[in-house]
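A.B. asks: I would like the atomic coordinates for the input below:
(2 chains)
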Amino acid sequence: MTDTDLPAVQEMLLSQGYVAESGVAMSVYLARRLEKPLLIEGPAGVGKTEMAKVLAQALDTELIRLQCYEGLDTSTALYEWNYQRQLLQLKMDERSDLSMTQKEASIFSEAFLLKRPLLRAITHHCSPVLLIDELDRADEEFESFLLEVLSDWQISIPELGTVKATFIPQVIITSNRTRELSDAIRRRCFYLWIDYPDFDKELAIVRSKVEGIDAQLSIEICRFMEMVREQKLEKTPGVAETLDWARALVALHREHLDRQTVEDTLGIVFKDWSDVSHMRQSLDEFLAAVGVRAKPAPQKE
Amino acid sequence: MTEMALRGELSANTVGFCRLLRRHGLMVGPGEATLALRTLREIDLSSAEQFHGALRTTLAKSPREQAQFDEVFDDYWMVWDRATDLLRQQQQRTEVSEPREKAPQQKGSFVNIRDWLKGKEPEDEEETAGFSPIEVHSQRDFAHFDVDELDEINRVVVQIAKRLAKRLNRRYRHTNRRRGQLDLRRTLRHNLGKSGDLIDLRFNRKRPRRLKLVLLCDVSRSMDLYSRFLIQFIYAFARAYRRVETFAFSTSLYRLTELLRSQDMDDVLARLPEHAPGWSGGTRIGASLEKFLTDHGDQLLDHHTVVFILSDGWDTGEAERLALATEGIRARSRCLIWLNPLLGNENYRPETQGMLAALSHVDLFAAAHNLASLRALARILGQLRSGSLPRTRRRPRGVDATGQTAIAVAGDTGDGPNGLGSDGLDDDGKPDRPTTTSNLRELAARQLQKRKDFRERES
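C.D. replies: Coordinates of the predicted model:
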């Protein structure tokens, strides 16, 4: 109970520099308590993947990551036989007196097994954090396959037998909603929707993540981002972009936003050509609304 | 004691709450209810925030569900809150004064919740399920359908839809080869000259993917004649083929997928006007398609998706908007097919502003006004089976649908503008030859050209 009651989880996230509302902590807490997967959805760049990393760090355990993509198949996710090594072994054994069965047993042993993330998570010596990242990119068939693993926590390898998990991993599944995940997978998980942060939360994130940032600059950045997200854009920037931008401005030793700097660094915030040009056009009114002087700040001697 | 009683009531109320959520369309089964009860054991029940958060993460599994959850939550649990407060007050009082005296009243407050659960909920359901047609512009009674006609049409339509679904569901053609399976032939060939040892394995990872369909149906007044007929087709098709998303639009956009999947045809027909409030009203195609693109585009469109627009193109909105929206949809899907029932009419020319604006972004423009044209459509869909076809790219700028390709193939079929039913694929006598999407485009261009010719002949 000690490391897993609700305030402790909140504390834990905060200590790792992860600023989260109570809803987030609640979902993480329940997922840990009841050993269920946690499905995190939300727009890109709001810290879904980060959550898994933070959790692994806080629990002082390994993070095993399965990055999903279209065409991801079970051999990449589960295990593969190291075919080339098996072949070499057979060549080496050619002259030996081993019987066929012995040879077969030797090449189908764990030494020749290439463990992929899911098998690694199951056979890990303690409970790891298993991050199944961007599941929406994988095919539906893979999703169905995943269901089986997530409910039984065992994998059968025909040549070796069934491998059963000794410790159940803490599973975090993320999705950008490029397609809807199946109901079946939703049913098995706790659900968490992380949205773009509001001004206060983003400010807290920027201040905790970007070292040596000027107080005024961080406020201006967050106000700017808040307004940006109200625009109709091709790709709305996430927190990741805010942090990149803040770091860049700190590296440039800026204490305020000024027009020139903003214009020069637009590419950090906006990742779509039409967004950049759209912003460039309306930059003046935008900055005025944020409360930034249109002309560059007078150089201090 | 009271703590225990509270828990008991809490369980009952939680289960009741789950039932209420289910009635609001959330995916909450007995499994979720059990899980919810388990989560409540893990939290501090005196914290309203924790209580809300725990139930929310357990029971609401998408942004849409979360919104619905929040809507229902307060209404339901406010009563509970008040009861708990009452309980607490009474507890304090009983501690001060003589115990037990207030006990019956205490129970009474809980009984009230029960009554509320039993008595009020059905009423509540009636309201929320939308029996009061506030937004409906003109109520239509589908019961006035000619039953014989309906049966006959339905039978044929279901038949077509099923055959098509079966075809589209088939994933492998000629072979049972699974993905990642060893491709022996290529392996052998590749390892020739390596002293016969198969060192470098070749796998066959190519695997056809099934098509997804998105249907956008115009249910405005100008489509009235056909929308009933089309909805039959869509319904039958959605029953047989799971990967269909259906939307209705008129002045706004409504998602019908769930409705079509979960209910009886009669129910769907009876309740459609509620779910698509603009049923038989005006049309704003551009705005509706735009809404589709922004709200659902990311999730539903990819290069395995075939998008259908069923509309006559009588738009009361801006043509420019429609052009942009169709272009956007086109760019993000495999192909875009516009079914226009008016195309079945000899005197029709796609000259409405909206139609003209959209046409340059449409891969195939066809009629869907009778069973024959539906059949032809089904045939094209069957040939669109994915995997074997390259994804079509955006049409090069400057060449519109009536451009040069059209001229090259124009005139080889001489029949009238009857849409798909009479021309196109069967020309070379091999109706089942796989059609590439460029063929489709050619087809569309051919049809347009034919219509142009027709117009010229007339004038």
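A.B. asks: give the contact list for residue A:196.
C.D. replies: Applying CB atoms under 8 Å, 6 or more residues apart in numbering or on different chains, one finds that residue A:196 lies in contact with A:43, A:46, A:229, A:236, A:238-239. Where you see a C-beta, it was placed from the backbone N, CA and C, and this is true even at glycine.
A.B. asks: most neighbours among the residues you listed, which one?
C.D. replies: residue A:239 (23 neighbours; other CB atoms under 10 Å in any protein chain shown).
A.B. asks: partners of whatever helix or strand residue B:246 lives in, with directions?
C.D. replies: Assessed by DSSP states H and E, residue B:246 sits inside strand B:244-249. In the sheet, strand B:244-249 lines up against strand B:212-218 (parallel), strand B:253-255 (antiparallel) (DSSP bridges).
A.B. asks: the residue in the stretch 1-150 of chain A positioned nearest to chain B: which element?
C.D. replies: Residue nearest to chain B within the stretch 1-150 of chain A (CB to the nearest CB): residue A:26, separated by 3.7 Å. For residue A:26, the host element (DSSP H and E) is helix A:22-33.
A.B. asks: what's the span of stretch A:188-199 from first residue to last?
C.D. replies: 33 Å (CA to CA, to the nearest Å).
A.B. asks: cool, stretch A:61-70 as well?
C.D. replies: 29 Å.
A.B. asks: any weak-confidence spans in the stretch 251-400 of chain B?
C.D. replies: B:261-283, B:315-317, B:344-348, B:350-351, B:368-374, B:381-400 (pLDDT under 70).
A.B. asks: run through the strands of it in chain order.
C.D. replies: For the stretch 251-400 of chain B, the strands defined by DSSP state E, counting those that start in this stretch cover B:253-255, B:305-310, B:335-339, B:364-366.
A.B. asks: so what strands line up beside the longest one?
C.D. replies: Which is strand B:305-310. Strand B:305-310 sits in its sheet next to strand B:212-218 (parallel), strand B:335-339 (parallel), going by DSSP bridges.
A.B. asks: nearest to residue A:16, of those strands?
C.D. replies: strand B:212-218 (39.7 Å; CB to CB).
A.B. asks: so residue A:220 makes contact with residue A:290?
C.D. replies: Yes - Residue A:220 is within contact range of residue A:290, at 6.1 Å (criterion: CB atoms under 8 Å).
A.B. asks: so which residues on the stretch 201-301 of chain A come close to chain B?
C.D. replies: The stretch 201-301 of chain A comes close to chain B at no residue, as judged by CB under 8 Å from any CB of the partner chain.
A.B. asks: reduced to three states, what does whatever residue of the stretch 201-301 of chain A ends up closest to chain B come out as?
C.D. replies: Closest residue of the stretch 201-301 of chain A to chain B, CB to the nearest CB: residue A:232 (8.3 Å). Three-state call for residue A:232 (DSSP: H, G, I helix; E, B strand; the rest coil): coil.
A.B. asks: so where do the strands sit in the stretch 151-300 of chain A?
C.D. replies: Using DSSP E, counting those that start in this stretch, the strands assigned to the stretch 151-300 of chain A run over residues A:154-157, A:161-164, A:170-175, A:190-193.
A.B. asks: run the chain-centre distance for the longest one.
C.D. replies: The gap between where strand A:170-175 is centred and where its chain is centred comes out at 8 Å by CA atoms, centre = their mean, to the nearest Å.
A.B. asks: pairing partners for it, with directions?
C.D. replies: Applying DSSP bridges, one finds strand A:170-175 paired with strand A:38-41 (parallel), strand A:129-133 (parallel).
A.B. asks: mind putting those in a markdown table, mean pLDDT included?
C.D. replies: Shown next, in a markdown table, are these (pLDDT from 0 to 100):
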| stretch | mean pLDDT |
| --- | --- |
| strand A:38-41 | 94 |
| strand A:129-133 | 94 |
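A.B. asks: next one: residue B:70 from chain A, what distance?
C.D. replies: 11 Å (CB to the nearest CB, to the nearest Å).
A.B. asks: can you count the residues close to that residue?
C.D. replies: Neighbour tally, residue B:70, other CB under 10 Å: 12.
A.B. asks: mind checking what secondary structure it has?
C.D. replies: helix.
A.B. asks: quick one, what contacts it?
C.D. replies: Contacts of residue B:70 by CB under 8 Å, 6+ apart are residue B:56.
A.B. asks: not counting sequence-adjacent ones, nearest residue to residue A:205?
C.D. replies: Sequence neighbours aside, residue A:19 is the residue nearest to residue A:205 in space, at 4.8 Å (criterion: CB to CB, 6 or more residues apart in numbering or on different chains).
A.B. asks: tell me the SS of that neighbour?
C.D. replies: From three-state DSSP, the assignment for residue A:19 is coil.
A.B. asks: redo the strands of the stretch 151-300 of chain A as a markdown table? Include mean pLDDT and mean neighbour count.
C.D. replies: Shown next, in a markdown table, are these (pLDDT from 0 to 100; neighbours: other CB atoms under 10 Å in any protein chain shown):
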| stretch | mean pLDDT | mean neighbour count |
| --- | --- | --- |
| strand A:154-157 | 86 | 14 |
| strand A:161-164 | 88 | 12 |
| strand A:170-175 | 94 | 26 |
| strand A:190-193 | 93 | 25 |
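A.B. asks: ok, residue B:338 touching residue B:358?
C.D. replies: Yes - if you go by CB under 8 Å, residue B:338 and residue B:358 touch, sitting 6.8 Å apart.
A.B. asks: so which of those two has more stuff around it?
C.D. replies: Shown here are residue B:338 and residue B:358; by other CB under 10 Å, residue B:358 has more neighbours (30 against 25).
A.B. asks: run through the residues that contact the nearest residue to the more buried one once chain neighbours are set aside.
C.D. replies: Excluding its sequence neighbours, the residue lying closest to residue B:358 (CB to CB, 6+ apart) is residue B:326, at 4.3 Å. Residue B:326 makes contacts with B:289, B:309, B:336, B:357-358, B:361-362, as judged by CB under 8 Å, 6+ apart.
A.B. asks: pull the most distant pair out of those residues.
C.D. replies: Maximum distance among the contacts of residue B:326 (CB to CB): 13.6 Å, for B:336 and B:357.
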